[in-house]
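>>> generate a structure from the sequence data that follows.
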Amino acid sequence: QPLHSIISLPTATNPGVWVVNKSVAGSAVTWELGAFENSTKAYRWRFFTIGAGGSYPLIFEKINLTGKTNVGLVFSYAHALYGGNEPDQLKISASTNCGSSWSVLWDKSGTDLATTANLTTALYPHAADWLTESVSLAQFNNASELMIKFEGVSGFGNNLYIDDINLNSNVGTIDISNNVQVTTYPNPTSDMAIVDFSLEQPAEVSIELTNLMGQIVYSNNLGFQPTGKIQSTIDVSLIPSGVYKVSVKAGNQVTTKKLSVIK
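Coordinates of the predicted model:
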């Protein structure tokens with residue numbers, strides 16, 4: 001189910017997070033700014049106009065998980081650094097006491113947060129710039145008043161976008177369009193990466209590994225695959241250290257995960 005939001009701002013006159021569409025860039029952007037170009041709008045933190053250290057939270061309405069277990073939070077995000085050293089940060093936290101205290105569930109910053117190469121101009125993400133993540137909410141089983149907070153902290157880098165924020169019972173996997181679910185491990189890795197995925201419908205399947213410049217460093221066409229669980233292995237032993245994207249295409253649906261290679 002999608003989450004409905006209320007925006008909590010440190011000041012009333014200088015909000016740091018907005019809901020934007022492609023018109024925010026004038027005529028220069030012709031593609032949609034929602035996740036994977038599939039929707040028209042996304043939340044955006046414009047870090048390079050927020051002072052370093054400035055924090056802007058996005059807090060969602062209370063969720064009732066009574067009678068529900070093994071629930072997960074699924075979201076998509078896109079981000080670029082400016083010069084490569086900025087500690088831009090996204091933290092996701094949860095509270096069961098109306099925000100009196102928060103438990104951090106997910107926290108990435110700097111190069112770990114970036115989904116594409118450094119940009120000295122404003123990021124307006126293309127489909128390939130988005131990643132999808134899932135966060136377990138199992139520790140909050142049966143919580144009657146759960147609040148979720150996305151908090152962007154400026155390191156004076158580039159734009160951060162989030163979209164497709166939903167609750168999902170398939171924790172530990174990423175469920176895009178209810179067709180293909182993907183996990184990648186070990187992560188980070190130095191020699192081999194295993195890609196596990198499940199198809200709910202038969203489909204033509206291919207796997208690509210790209211660097212943050214969009215260059216393909218590995219490609220494997222698995223052909224037509226039946227419904228069920230499938231496993232594939234990627235040899236990264238000759239690939240330089242860095243952050244890469246693993247994209248699994250099943251039919252016309254693409255699921256993308258980040259993979260770190262460390263030598």
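
>>> what sits against the closest residue in space to residue 236 that isn't next to it in sequence?
Ranked by C-beta to C-beta, 6 or more residues apart in numbering and with sequence neighbours excluded, the top spatial neighbour of residue 236 is residue 261, at 5.0 Å. (Glycine included, C-beta is placed from N, CA and C.) Residue 261 is in contact with 188-190, 236, 239-244, counting by C-beta atoms under 8 Å, 6 or more residues apart in numbering.

>>> can we see that at 6 Å?
With contacts defined as C-beta atoms under 6 Å, 6 or more residues apart in numbering, residue 261 is in contact with 236, 239, 241-242.

>>> looking at those, which are in strands?
Secondary structure assignment by DSSP state E places residue 242 of the contacts of residue 261 in strands.

>>> going through the contacts of residue 261, which ones are buried?
Neighbour-count burial (16 or more other C-beta atoms under 10 Å) applied to these gives 236, 239.

>>> and which of the contacts of residue 261 is nearest residue 109?
residue 242 (17.4 Å; C-beta to C-beta).

>>> roughly how far apart are the closest one and residue 260?
Distance from residue 242 to residue 260, counting by C-beta to C-beta, to the nearest Å: 8 Å.

>>> now do residue 184, the pLDDT please.
Listed pLDDT for residue 184 reads 89.

>>> for it, which non-adjacent residue is spatially closest?
residue 257 (4.7 Å).

>>> that neighbour sits in which helix or strand?
Assessed by DSSP states H and E, residue 257 sits inside strand 253-261.

>>> can you give me the mean pLDDT across that strand?
Mean per-residue pLDDT for strand 253-261: 84.

>>> ok, stretch 69-79 next?
Rounded mean pLDDT across stretch 69-79 is 87.
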